[in-house]
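**Q** coordinates only, sequence not included:
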Ligand SMILES: NC(=O)c1ccc[n+]([C@@H]2O[C@H](COP(=O)([O-])OP(=O)(O)OC[C@H]3O[C@@H](n4cnc5c(N)ncnc54)[C@H](OP(=O)(O)O)[C@@H]3O)[C@@H](O)[C@H]2O)c1
């Protein structure tokens, strides 16, 4: 089994590299943005014809949610044209495509966890381009899995956990939003789930949700990060209105994971347990 991973320097890409050794039956080919630019169709074709992957995990994305508001063309290129190119080459080479999407495809006005059937309604450029990317794939190549995830953190790249730990080393007090609810996702858990999907050999294509279990606010998440790392800091809960950002965030973006658990027999840890054990 040959698996090609794009965006291999990102959080998910590096997490996949970390767990690759646990799966010796899979031959992984990792490509960073400098080795494979997914917005370049000719480059995608060259790499695919050399690697001939049975699966492609697209871990590449434009993930700067606020910056996307002022760089919509860049976000579109990576989040829409990129997946479109990958779907085309996957169709050409008979490769199964696993694409990662986001809770930001939803507006966050729900009062229960989002299922794969719930209607997306993104409110910002990032969410809109991610949804367009999903649609582009679906229109081109039916052998795809789209895995929507949320609040990803890891030891790699930029994420909320690392930002909190850095800020705690610079400040004595912090204010964090307490009225947006979602679920953190340990990138290593997401990486393992993707490999489980691949190793299952199932052809149950379509959209799946994956995050850790449970739900919390960003304030709860920060609190737990400091508790686990035994950091004493004056942490204040604030409403979103006190922390304006260029991109609007969903107030509630908890994902229902029933489908992925049932289809692939995946057991998912609670977010607090996974954060502690990471
Ligand atoms: N982070 C989150 O909280 C979150 C939440 C929900 C969903 N997701 C989704 O989860 C997936 C993985 O996210 P992540 O947190 O691992 O993202 P990340 O850390 O930002 O990594 C994204 C990677 O994509 C690469 N990339 C950018 N443009 C590219 C291009 N044109 N061609 C090839 N590679 C390119 C980047 O390379 P450079 O480093 O060279 O720019 C980076 O290594 C994404 O689809 C994201 O939308 C993330």
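**A** Nice, thanks for sending it over. From a predicted model like this one, the values you see are computed outputs, not experimental measurements.
**Q** who in the protein is up against the ligand?
**A** Neighbours of the ligand within the chain, by C-beta under 6 Å from any ligand atom: 6-7, 9-13, 33, 36-39, 59-63, 78, 82, 100, 102-103, 130, 149-152, 157. No exception for glycine: its C-beta is placed from N, CA and C like everyone else's.
**Q** now, of these, which are buried?
**A** For the residues of the chain next to the ligand, a neighbour count by 16 or more other C-beta atoms under 10 Å gives the buried set as 6-7, 9-13, 33, 36-39, 59-63, 78, 82, 100, 102-103, 130, 149-152, 157.
**Q** what residues sit buried inside the longest helix seen in the chain?
**A** The helix that spans the most residues within the chain, counting by DSSP state H, is helix 125-140. Buried positions in helix 125-140, judged by neighbour count with 16+ other C-beta under 10 Å: 125-134, 136-138, 140.
**Q** list the contacts of that helix.
**A** For helix 125-140, contacts defined as C-beta atoms under 8 Å, 6 or more residues apart in numbering pick out 61-65, 68-69, 72, 75-76, 78-80, 82-84, 86-88, 91, 97, 99, 101-102, 104-106, 120, 122, 144, 146, 207, 247.
**Q** got the residue ranges for the helices in the stretch 1-150 of the chain?
**A** 11-19, 41-51, 72-76, 82-93, 125-140 (DSSP state H, counting those that start in this stretch).
**Q** quick one: average pLDDT of the first one?
**A** Put plainly, it is helix 11-19. The average pLDDT for helix 11-19 rounds to 98.
**Q** against which helices or strands is that helix packed?
**A** Other elements packing on helix 11-19 under the criterion 3 or more C-beta pairs under 8 Å, 6 or more residues apart in numbering; DSSP states H and E are strand 2-6, strand 27-31, strand 152-153, helix 187-200.
**Q** pLDDT score for the spatially most central residue of the chain?
**A** Note on the chain: the residue nearest the mean C-alpha position is residue 149, at 4.7 Å, using C-alpha atoms, centre = their mean. Per-residue pLDDT puts residue 149 at 98.
**Q** can you tell me which residues contact it?
**A** Per C-beta under 8 Å, 6+ apart, neighbours of residue 149: 100-103, 185, 190, 209-211, 255.
**Q** generate a PyMOL selection restricted to the buried subset of the residues you listed.
**A** Only the buried entries of those go into this PyMOL selection, using 16+ other C-beta under 10 Å:
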select buried, resi 100+101+102+103+185+190+209+210+211+255
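**Q** okay, now residue 169: neighbour count?
**A** Neighbours of residue 169 under the rule other C-beta atoms under 10 Å: 9.
**Q** tell me which element it is part of?
**A** Using DSSP states H and E, residue 169 sits in helix 160-170.
**Q** quick one: strands adjacent to the helix or strand just after that helix?
**A** Counting by DSSP H and E, the next helix or strand C-terminal to helix 160-170 is strand 173-177. Strand 173-177 has the following strand partners under DSSP bridges: strand 234-238 (parallel).
**Q** pull the residues that contact the strand it pairs with.
**A** Around strand 234-238, the neighbours that count as contacts under C-beta under 8 Å, 6+ apart are 172-178, 217, 219, 222-223, 226.
**Q** mind running it again at 6 Å?
**A** 173-175, 177-178, 219 (C-beta atoms under 6 Å, 6 or more residues apart in numbering).
**Q** which of these lies closest to the ligand?
**A** residue 177 (14.8 Å; C-beta to the nearest ligand atom).
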